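# Predicted structure and sequence below. I'll ask about it afterward.
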Amino acid sequence: MDFLAIDFETANADLSSICQIGLVAFKDGEVADTFSTLVDPQDHFDAINVSIHGIDEGDVFGAPTFAEVFPELSRRAANSVVVSHTLFDRAAFDRASFRGGLSPIMCHWLDTTRIVRRVWPKYAYRGYGLGNLAQEFGIEFDHHDAAEDARVTGVILVRAMREGGMTLDECMIRAMRPLNPDAAVRITRTGNPDGPLAGEVAVFTGALSMPRREAADLAAQAGCEVEAGVNKETTLLIVGDQDVAKLAPGQEKSSKHVKAEGLIAKGQPIRILRESDFRALVAV
């Protein structure tokens, strides 16, 4: 749980017009260090932006420019996982760097909204703004202060990691997967009749560590018929390890998982396997 949370405030609609920077380093899931500074955007202030964050020309008089702060940003962010809530902060960083003719910083970016939307189904399509999440989780902060926004971004990511049973590396993978892996790809395969699992009918659900097509190919080579949905012919339900890990009381299972359990209760012989166990099985 080591990462750098970042947030920017801008002077106007131009994303490169950064007027405040907030960086909060997290170590083992806890705040370890905070850096915050006002920035002279060398640009005008729009009244709408000032009404949001309260920063104006007078506040940034004598403040360093983005180019002057850049070495400190680079020192802190280089080779780190840098997290922001939505892509706007990353875009602002890129635009300000381009405007100043500055070289890109080598780091790994993670948009925390992509994790929030995947861990908590109620926020999948709405309600995942930083202010709303902070209110929902009872987190007090000074919204639109860059350092405070960065801190809350990190706190929410840590909460999501714990809720979803994911490491930071697993979050990076999950963020790249579809919001609903079950609905994103419907793949079927005819099994190899000579395979060791010939006669099994397999269905995949949840976030897998490999593309769904590759998983289906692996199952088919082992002899499984691969179906898109659970039905009366299903004998194997293969669940992404992350999804199994987070199935604590009160957690939601996928519709396929729920349907499979319903059929098991009625006597259908369906075995539910973690993806890692399935991969070990076909490797035997």
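Good, I have the coordinates.
# quick one: residue 194 from residue 30, how far?
54 Å (Cβ to Cβ, to the nearest Å). C-beta here means a position set from N, CA and C on the backbone, and glycine is covered the same way.
# Going along the chain, name the strands of the chain.
Secondary structure of the chain (DSSP state E): strands located at 3-10, 18-27, 30-38, 81-84, 108-111, 201-205, 225-226, 236-239, 271-274.
# mean pLDDT lowest for which of the ones you listed?
Lowest mean pLDDT of these: strand 271-274, a mean of 88.
# Quickly run through the sheet partners of that one, with directions.
Strand 271-274 has the following strand partners under DSSP bridges: strand 236-239 (parallel).
# Report the buried residues of the partner strand.
Under the neighbour-count criterion of 16 or more other Cβ atoms under 10 Å, strand 236-239 has 236, 237, 238, 239 buried.
# just those now: which is nearest residue 89?
residue 239 (34.0 Å; Cβ to Cβ).
# How about the contacts made by the closest one?
Going by Cβ atoms under 8 Å, 6 or more residues apart in numbering, residue 239 touches 205, 206, 254, 257, 272, 273, 274, 275.
# what do you get if the cut-off is 6 Å, keeping everything else the same?
205, 206 (Cβ atoms under 6 Å, 6 or more residues apart in numbering).
# Please tell me how far it sits from residue 124.
19 Å.
# for residue 106, same thing?
In terms of Cβ to Cβ, residue 106 sits 32 Å off from residue 124.
# So for the two, which sits in the more crowded spot?
residue 124 (14 against 10; other Cβ atoms under 10 Å).
# Could you double-check that that one sits in contact with residue 115?
No - contact criterion Cβ atoms under 6 Å: residue 124 and residue 115 do not qualify, at 11.6 Å.
# Tell me which residues touch residue 108, please.
Counted by Cβ under 6 Å, 6+ apart, residue 108 has contacts residue 81.
# Tell me the bridge partners for it.
residue 81.
# ok, now how distant is it from residue 73?
15 Å.
# again with residue 235
54 Å.
# Show me the shaky parts of the protein.
181-186, 242-252, 284 (pLDDT under 70).
# follow-up on the earlier one: neighbour-wise, which of residue 235 and residue 73 wins?
Shown here are residue 235 and residue 73; by other Cβ under 10 Å, residue 73 has more neighbours (23 against 16).
# Residue 149 touches residue 7, doesn't it?
Yes - assessed by Cβ under 6 Å, residue 149 is found in contact with residue 7 at 4.0 Å.
# residue ranges for the helices of the stretch 101-250 of the chain, please.
112-119, 130-137, 146-164, 168-176, 181-184, 212-221, 241-245 (DSSP state H, counting those that start in this stretch).
# Out of the ones you listed, flag the one nearest residue 100.
Short answer: helix 146-164, nearest of the helices of the stretch 101-250 of the chain by Cβ to Cβ, at 18.2 Å.
# Quick check: the gap between the residue most central in space within the chain and residue 167.
Geometric centre of the chain, nearest residue: residue 115, 2.8 Å, by Cα atoms, centre = their mean. Distance of residue 115 to residue 167, computed by Cβ to Cβ: 12 Å.
# For stretch 274-283, buried residues please.
So stretch 274-283, judged by 16+ other Cβ under 10 Å, has buried residues 274, 275, 278, 279.
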